[in-house]
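A.B. asks: Quick check, what structure comes out for this input:
(chains A and B)
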There are 2 protein chains.
Amino acid sequence: MHVIIVYDVAEERVNKVNKFLRSYLHWIQNSVFRGDITQSQLQAIKDGIKGIIEEDYDSVTIYVLPSEKYLKVINIGIEKGTTDMIF
Amino acid sequence: MHVIIVYDVAEERVNKVNKFLRSYLHWIQNSVFRGDITQSQLQAIKDGIKGIIEEDYDSVTIYVLPSEKYLKVINIGIEKGTTDMIF
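C.D. replies: Numbering: from 1, shown residues only, chains lettered A, B, ... in the order given. From the prediction side, this is the model:
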C-alpha cells in the first residue's frame, strides 16, 4: 500500500514525529511524509505515533491508497523532498 | 477526481493560498486541503496557485487520485478539518 501522512502537532513533538516517520517514509515537506509500506508497517506507524503525540491536542492523518499507481503527483514551485530519501 | 493538496509557502503568501484553495476544497489542517474537483477546476487551481506563489521559493504538491473511493483515511488524535466545510 501507499500512504501520505500529514500531521499538525505541538512544536515540542515535531522532531520526534519527524524522526520516527523518517525510518519508514520519505520526507516530502514540513509535516508531510509519503511512501510504500506493508500492513504490519502501517500498524507499527499507528502504534508509534500514538506513543509520541498527545491525542487530545495533536492531529495526524494517514491517507492510505492501495498502491502508488493510483496517484498522480503535480509539483508547482520547488520540490522539497523526493521519494528516494529514506535514511 | 479527488485531490490532496499540501503546500509549504512563505508566511506572507499563506493566507492568500488558503483563501484561494478554500473556494475549491476542504481545509484539513494547516497547509493541507482535500476534495473532489473536475479536470477544469484542477487547471484553474494550478493556474491560480501559479499566480500567487513564488515558484523559485514556495512548494505546492497536488496528489491526484481517480476518485475518493481509492482512499482510506485514518485519523489519530484530533480531527482538525472535515470534508463538509467548503465556504
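A.B. asks: So what are the sheet partners of the helix or strand of chain A with the lowest mean pLDDT and their directions?
C.D. replies: Among the helices and strands of chain A, strand A:26-29 carries the lowest confidence by mean pLDDT, DSSP states H and E, at a mean of 93. Here strand A:26-29 is paired, per DSSP bridges, with strand A:32-36 (antiparallel).
A.B. asks: So which bits of the helix or strand just after the strand it pairs with are buried?
C.D. replies: Along the chain past strand A:32-36, the next helix or strand (assigned with DSSP states H and E) turns out to be helix A:39-52. The neighbour-count check on helix A:39-52 (16 or more other CB atoms under 10 Å in any protein chain shown) flags A:41-42, A:45, A:48-49, A:52 as buried. Bear in mind the C-beta positions are built from the backbone N, C-alpha and C, glycine included.
A.B. asks: Columns pLDDT and distance to A:Ser67 on top of those residues, output as a markdown table?
C.D. replies: Formatted as a markdown table, the buried residues of helix A:39-52 follow (pLDDT from 0 to 100; distance: CB to CB, whole Å):
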| residue | pLDDT | distance to A:Ser67 |
| --- | --- | --- |
| A:Gln41 | 98 | 15 |
| A:Leu42 | 98 | 14 |
| A:Ile45 | 98 | 17 |
| A:Gly48 | 98 | 23 |
| A:Ile49 | 98 | 22 |
| A:Ile52 | 97 | 27 |
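A.B. asks: and chain A, which of its residues are near chain B?
C.D. replies: A:4, A:6-9, A:28-32, A:46, A:49-50, A:53-66, A:70-80 (CB under 8 Å from any CB of the partner chain).
A.B. asks: Show the low-confidence segments of chain A, by residue range.
C.D. replies: Along chain A, the parts satisfying pLDDT under 70 run over A:82-87.
A.B. asks: between the buried residues of helix A:39-52, which is nearest A:Lys19?
C.D. replies: Using CB to CB, A:Ile52 is the member of these that sits closest to A:Lys19, with 9.2 Å.
A.B. asks: Quick check: that closest one touching A:Glu12?
C.D. replies: No - counting by CB atoms under 8 Å, A:Ile52 stays clear of A:Glu12, with 10.8 Å between them.
A.B. asks: Thank you kindly, that will do.
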